[in-house]
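# Model the structure of this input:
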Amino acid sequence: MSTDPGRGRTADPRPLTGEPLPLDLVNTVWIDEGVRHDLLERPDGLAVWLRSAGFADSVPADRESLDALLATRRAVVALLDGSADPQQAADELNEILGHGRIRRRLGEAGPLSVVETDSPAWLAAWSAAEAYLRLLDEHPDRIRKCANPECVLHFYD
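Reported below is the predicted structural model:
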């Protein structure tokens with residue numbers, strides 16, 4: 001993993017970034033020259049992903065956050081790839097969604113949607129699960145897996 005010389009931070013080593021949040025989380029695992037890599041298994045990988053996903057200031061880079069993200073990633077991968085019982089994967093995703101909600105409020109500038117989670121550690125994981133539902137609502141046919149059989153990456157076409 002290289003360091004970004006301009007910021008002194010570890011650079012994101014993943015080959016595909018910038019996908020919608022749930023796919024970006026899934027893409028923390030990739031294959032390069034036959035070797036499996038997992039950003040979230042690296043010592044500073046959680047901090048790298050939280051920064052790249054825009055959660056560095058709101059989600060702690062701790063074990064609770066990592067466990068929540070790993071559970072979300074497992075559920076989304078299982079749903080995308082059909083690698084587990086679909087009902088079990090749906091139940092796991094619904095359990096994750098139970099850790100948060102969107103609360104509507106009227107603010108000074110008009111209506112607001114405020115995300116509330118059990119703890120800050122659940123914010124990124126819950127947001128990825130909720131965003132997965134939005135992708136399914138809007139255009140599920142645009143969620144694609146890399147065509148290379150050895151590739152595990154997903155993208156939104």
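# How much space separates Ile31 from Gly98?
33 Å (Cβ to Cβ, to the nearest Å). To be clear about C-beta, it is placed using only N, CA and C from the backbone, and glycine gets the same treatment.
# more crowded one of those two?
Applying other Cβ atoms under 10 Å to Ile31 and Gly98 shows that Ile31 carries more neighbours, namely 15 against 12.
# mind checking how far stretch 42-59 is from the chain centre?
11 Å (Cα atoms, centre = their mean, to the nearest Å).
# could I have it exported to CSV, CA atoms only?
Provided in CSV are the C-alpha atoms of stretch 42-59 (Å, rounded to 0.1, in the frame of the first residue of the first chain):
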residue,chain,number,x,y,z
ARG,A,42,-5.1,-4.4,6.2
PRO,A,43,-4.0,-2.6,9.4
ASP,A,44,-5.1,0.9,8.1
GLY,A,45,-7.6,-0.4,5.5
LEU,A,46,-10.6,0.6,7.4
ALA,A,47,-9.4,4.2,7.8
VAL,A,48,-8.6,4.2,4.0
TRP,A,49,-12.1,3.0,3.1
LEU,A,50,-13.8,5.4,5.5
ARG,A,51,-11.9,8.3,4.1
SER,A,52,-12.6,7.3,0.5
ALA,A,53,-16.3,6.8,1.2
GLY,A,54,-16.7,10.1,3.0
PHE,A,55,-17.1,8.8,6.6
ALA,A,56,-13.7,9.6,8.1
ASP,A,57,-15.1,12.4,10.2
SER,A,58,-18.3,10.7,11.3
VAL,A,59,-17.4,7.0,11.8
